[in-house]
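> Next comes the sequence, and after it the predicted model I'd like to discuss.
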Amino acid sequence: MQNILHYSVATPQTGGNMNLQEIRAYLEPFNLKKVSEESGVKYGTLINIVSGVNTNPTYETFVKLSDYVNSKQVKS
């Protein structure tokens with residue numbers, strides 16, 4: 001059984017919290033090289049998170065991805 005990290009972040013679009021699984025699903029269709037460059041998360045780390053290999057990223061990585069997702073949702 002995988003241990004999924006339970007950080008969550010409020011999102012402006014939903015008003016609720018977004019956890020790692022939701023961030024992973026949101027990022028899946030994106031160009032991950034571009035996400036890596038814009039978010040500051042290493043490409044290899046990002047691939048591992050999105051593919052489900054890394055289910056326990058550091059808090060710093062989670063915050064970077066949360067900020068990235070929030071910035072994209074605000075523009076939508």
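Structure received. Numbering: from 1, shown residues only.
> Where do the helices of the chain begin and end?
Remark: helices assigned in the chain by DSSP state H are 20-27, 32-39, 43-51, 59-75.
> Which of those has the lowest mean pLDDT?
For these, mean pLDDT drops lowest on helix 59-75, to a mean of 85.
> list the buried ones in it?
Within helix 59-75, the residues scored as buried using 16 or more other C-beta atoms under 10 Å are 61, 62, 64, 65, 66, 68, 69, 70. Backbone N, C-alpha and C define where each C-beta goes, glycine included.
> for stretch 47-55, same thing?
Buried residues in stretch 47-55, defined by neighbour count with 16+ other C-beta under 10 Å: 49, 50, 54.
> Can you lay out the residues you listed as CSV showing distance to residue 43?
Formatted as CSV, the buried residues of stretch 47-55 follow (distance: C-beta to C-beta, whole Å):
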residue, distance to residue 43
49, 11
50, 11
54, 13
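> I'd like to know which of the residues you listed is nearest to residue 33.
Among the buried residues of stretch 47-55, residue 50 lies closest to residue 33 (C-beta to C-beta), at 12.0 Å.
> quick one: contacts for the closest one?
With contact taken as C-beta atoms under 8 Å, 6 or more residues apart in numbering, residue 50 is in contact with 24, 27, 28, 32.
> Residue 46 is in contact with the first one, correct?
No: the pair residue 24 / residue 46 is not scored as a contact, 10.0 Å apart, by C-beta atoms under 8 Å.
> Between these two, which has more neighbouring residues?
Between residue 24 and residue 46, counted using other C-beta atoms under 10 Å, the more crowded position is residue 46 (23 against 17).
> Does the more buried one touch residue 32 like I think?
Yes: between residue 46 and residue 32 there is a contact under C-beta under 8 Å: 5.3 Å.
> joint contacts of these two?
By C-beta under 8 Å, 6+ apart, residue 46 and residue 32 have no common neighbours.
> Number of residues surrounding the closest residue to residue 65 other than its chain neighbours?
Of all residues not flanking residue 65 in the chain, residue 23 sits nearest, at 5.3 Å (C-beta to C-beta, 6 or more residues apart in numbering). By other C-beta under 10 Å, 22 other residues sit near residue 23.
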